Each structure stands twice: as C-alpha cells, then as structure tokens.
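Undergrad: The amino acid sequence is not available; the structure is as follows:
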C-alpha cells in the first residue's frame, strides 16, 4: 500500500500546527499570568471552541431538528444535574431515537 506524498505533507503540517499551538503558551508566558481578564480568557477559550464545534453538529446529526433538540435538551438537563458522561450520552441518544420514531 503506497501513501501519496501529499497526504504525508498534510499530516506533517497538521502535526507542526498542533505542536506550535500547544507550545506557544509555554514560550510566550513564562511567568504566571496576573491579569484576571487574560486568565479567564485562557481558561474559557477551550470550552467555547468545543461548544462552537459541538452544538451545530448536534442539530445536524439526526437529520431532524426536533429529534436533535430532544436529545440536546435531555443532555442539558442531565448534565446540569451532574450525571455521568456516559449516562448523559446514552440518554440523549435514546431521546433523539425515540423522538425520531414518532416524527
């Protein structure tokens, strides 16, 4: 099995990009960040990015907005009640599936 040279170049570029992004804070911020704004920004950015990538995926995953919304609501309520991640995922999938059967 041969791998196309372009694929290897893409993989190397993505590895380099990922490495640079992960190493930049260590290189740029050698001391503790004292700014309250900067600390909160650095703390919340990963959650914001994850949410921005996940939320649209939820509503396009089932092919039906109503079943996706049902799963989203169930997951939100269970996560708010601090249920385990696997239980939240299973309940959201079940809610989306059951709602999809009736729609």
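TA: Thanks, I have the structure now. Being a predicted model, the structure only gives us computed values, none of them experimental. Numbering: from 1, shown residues only.
Undergrad: Tell me the helix or strand right after the helix or strand hosting residue 13.
TA: Using DSSP states H and E, residue 13 falls within helix 5-28. Following helix 5-28 in sequence order, the next helix or strand is helix 36-61 (DSSP H and E).
Undergrad: you'd agree residue 93 is up against residue 72?
TA: No: contact criterion C-beta atoms under 8 Å: residue 93 and residue 72 do not qualify, at 11.4 Å. C-beta coordinates here come from the backbone N, C-alpha and C atoms, glycine included.
Undergrad: that older thread, hey, what's the angle from the helix holding residue 13 to helix 36-61? Just curious.
TA: Put simply, helix 5-28 runs at 150 degrees to helix 36-61, going by axes from the mean of the first three to the mean of the last three C-alpha atoms, to 10 degrees.
Undergrad: any idea how far helix 5-28 is from the chain center?
TA: 20 Å (C-alpha atoms, centre = their mean, to the nearest Å).
Undergrad: on contacts alone, who are the packing partners of that helix?
TA: Using 3 or more C-beta pairs under 8 Å, 6 or more residues apart in numbering; DSSP states H and E, no helix or strand is in contact with helix 5-28.
Undergrad: what's the weakest-modelled helix or strand in this structure?
TA: Of all helical and strand segments in the chain, the minimum by mean pLDDT, DSSP states H and E falls on helix 5-28, at a mean of 86.
Undergrad: what's next to that helix, contact-wise?
TA: residue 42 (C-beta atoms under 8 Å, 6 or more residues apart in numbering).
Undergrad: And stretch 82-102, by the same measure?
TA: 61-62, 64, 66-68, 70-75, 78-79.
Undergrad: Filter those residues down to the buried ones and hand me the PyMOL line.
TA: The PyMOL command for the buried members of the contacts of stretch 82-102 (criterion: 16 or more other C-beta atoms under 10 Å) is given here:
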select buried, resi 62+67+68+70+71+72+74+75+78+79
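Undergrad: No further questions, thank you.
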